[in-house]
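Undergrad: Provided below are the primary sequence and the corresponding predicted coordinates.
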Amino acid sequence: MKIIQIVGRSKTGKTQFVSALIERLGEYGRVAAVKHLGHHIFDLERGRDTTRFYESGAAISAGVDGEKSVIIIRGEGLDEVLETLSAAGVRFAIIEGFKSRPFPKIVIGDLETGGCILRNPSVDEVVASLDRFYEYITLEELVRELKREHTGGRAGAIVTFNGIVREWTGDEHTEYIDFANEIEEKLARIRTEIESIPGIIGVRFHHRRGRLYAGEDITYLAVMAEHRQEAFTALSTAIDRLKQDVPAEETSGQGV
């Protein structure tokens with residue numbers, strides 16, 4: 001799922017641009033839009049059953065009519081929303097706001113911010129630059145990719161790994177870790193090496209970049225092999241290589 005982040009000052013035309021971009025990207029796949037409301041609280045309609053379900057503690061409260069569905073997700077994290085959109089098969093997630101997130105950004109107006117790759121572009125310029133935007137991947141999506149690519153009756157065991165930023169390592173505390181952006185070539189080399197191991201059918205990596213805080217996901221890894229033990233062995237090798245070849249640019253604590 002491509003993350004297309006749009007930022008800018010108030011009253012600069014962001015909403016109009018997002019609306020035009022939604023219409024255009026809809027020609028290529030499912031599109032979702034997420035707006036950061038800042039200090040403004042979204043008011044749920046009082047007395048509605050979906051509101052009552054949410055207030056009763058439901059993690060997700062949904063209402064479905066003959067034309068649309070409305071979903072209320074408990075939690076304030078952007079990643080929770082992105083995971084839901086990815087699982088729903090969304091191809092493009094347009095995010096308005098969330099300036100502190102380290103995604104490549106489209107800037108509308110004269111706002112100065114890091115990560116800007118396009119400023120006041122046309123919709124056509126955005127479409128022509130889609131390969132420059134961040135690809136949001138979940139562990140489930142990696143597994144789906146493996147299954148899609150290795151069909152035709154060739155079954156195999158799949159094992160997965162989900163690495164997170166560890167807050168405490170012994171007595172050492174980690175607030176956050178910075179990961180360099182230029183890691184794709186290293187990941188490709190590790191993937192090629194693991195796929196060359198006898199019995200391995202396929203391997204998929206996704207390593208997040210930028211600043212990751214304690215408790216956040218760092219990397220996803222999925223391995224498909226002829227037999228379960230081969231998959232576990234390859235997974236262990238891949239984890240060791242990740243630690244060696246994709247080190248964190250640590251700014252606090254002992255790392256992962």
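TA: Yes, it's here.
Undergrad: quick one: distance of the longest helix anywhere in the chain to the chain centre.
TA: The residue-count maximum for a helix in the chain (DSSP state H) belongs to helix 228-245. Centroid displacement of helix 228-245 relative to its chain, using C-alpha atoms, centre = their mean, to the nearest Å, is 23 Å.
Undergrad: helices or strands next to that helix in the packing?
TA: Under the contact criterion of 3 or more C-beta pairs under 8 Å, 6 or more residues apart in numbering; DSSP states H and E, helix 228-245 touches strand 157-164, helix 184-195, strand 200-207, strand 217-225. The way it works is simple: take the backbone N, C-alpha and C, and place the C-beta from them, glycine included.
Undergrad: and the angle from the third one to strand 217-225?
TA: If you take axes from the mean of the first three to the mean of the last three C-alpha atoms, to 10 degrees, strand 200-207 sits at 170 degrees to strand 217-225.
Undergrad: what's strand 200-207 packed up against?
TA: Looks like strand 200-207 contacts helix 139-149, helix 184-195, strand 217-225, helix 228-245 (3+ C-beta pairs under 8 Å, 6+ apart).
Undergrad: buried residues, the longest one. List them.
TA: The one in question is helix 228-245. With burial defined by 16 or more other C-beta atoms under 10 Å, the residues of helix 228-245 counted as buried are Glu230, Ala231, Thr233, Ala234, Leu235, Thr237, Ala238, Arg241, Leu242.
Undergrad: from these, which is closest to Tyr176?
TA: Leu242 (18.6 Å; C-beta to C-beta).
Undergrad: didn't the closest one look like it was pressed against Ile190?
TA: Yes: judged on C-beta atoms under 8 Å, Leu242 makes contact with Ile190 at a distance of 6.7 Å.
Undergrad: what do these two both touch?
TA: Taking C-beta atoms under 8 Å, 6 or more residues apart in numbering as the criterion, Leu242 and Ile190 both touch Phe205.
Undergrad: before we move on, the earlier item: for Val90, which of the helices and strands packed on strand 200-207 is the nearest?
TA: helix 139-149 (11.1 Å).
Undergrad: which neighbouring elements make contact with the closest one?
TA: Contacts defined by 3+ C-beta pairs under 8 Å, 6+ apart place helix 139-149 against helix 78-87, strand 157-164, strand 200-207, strand 217-225.
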